[in-house]
Structures are given as C-alpha cells and as structure tokens.
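> With the sequence up front, the predicted model follows.
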Amino acid sequence: MAMNAATIYHGTQVKTANPAELTLMLYEGAIKFCNIALLGFEKGDVEKISNNIVKVQNIITEFRATLDFDYATAKDFDVIYEYIGNLLVQANIKKDKEKLEEALGQIREMRDLWKEVMRRNNMYVR
C-alpha cells in the first residue's frame, strides 16, 4: 500500500509540475541514478552500475535534445552535457568509479545552477 501511495504521489507531482520543476526533477533523478550506480560499485554489482548509468545517460540525452539554440547559453549547456555524457560512457565501459563521481559532481552543479535560475525568476522550488 505504501509503495502504491508513493507511486501515485510521484505521478501527481510530475503531472502538476511546470517545465522548470520537471527539469529540476530530471536533475534529481540523474543524481539518484548516479548514487545507485555508485552503490553498485561498492557491491561489485556490474548490472546495477550499467543499468543506472544508462538511465543517467538517457536524462542527459533528453537535456541535449531539448536545448533551444535560439539562446546563446544553449551552446554552453550543450558542451557541458556532452562532457557529462562522455564521462558516463567512460564510467560505464571501463567501470570507472572516478569518472562517474566526476559526472555526478557536474550534474549536481548543473542542478544547483538550475535551482538558482528558478529562484531568481520566482519559479517554484520544492
């Protein structure tokens, strides 16, 4: 029952979020999946590592696909996302924990930057 209630709550949260909040949720999801992959390193669980890095890669790919290049900052974001994507590929292929940790640090910085953008533009931040 509790899991079902949590699933319903999360579904409602996503459905009622504005685009800025959805972006923040994606950053939070990427951080969560990086952390799960890092747990995989601790346990020697290659499948957990790989599956969760792929989830993060999918989020980064989505970020890149939705950039609006009518804005000059989009190119800067694209460079950062490409860098993070390359770190994730290396982390997954080589099972390199340090590359994953670096990617996680970059994603956290991007999330924090996004929170600041939301704050400065009076967007809702949970």
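Here it is on my side, so go on.
> Tell me the spacing between the residue most central in space within the chain and residue 117.
Centroid check for the chain by C-alpha atoms, centre = their mean gives residue 30 as the closest residue, at 2.5 Å. Going from residue 30 to residue 117 by C-beta to C-beta, to the nearest Å gives 17 Å. Every residue, glycine included, has its C-beta placed from N, CA and C.
> follow-up on the earlier one: pull the contacting residues for the residue nearest to the centre of the chain.
By C-beta atoms under 8 Å, 6 or more residues apart in numbering, residue 30 lies in contact with 55-56, 59-60, 107, 111.
> for the helix or strand harbouring it, the distance to its chain's centre please.
Counting by DSSP states H and E, the element that carries residue 30 is helix 19-43. Distance of helix 19-43 from its chain centroid, counting by C-alpha atoms, centre = their mean, to the nearest Å, is 5 Å.
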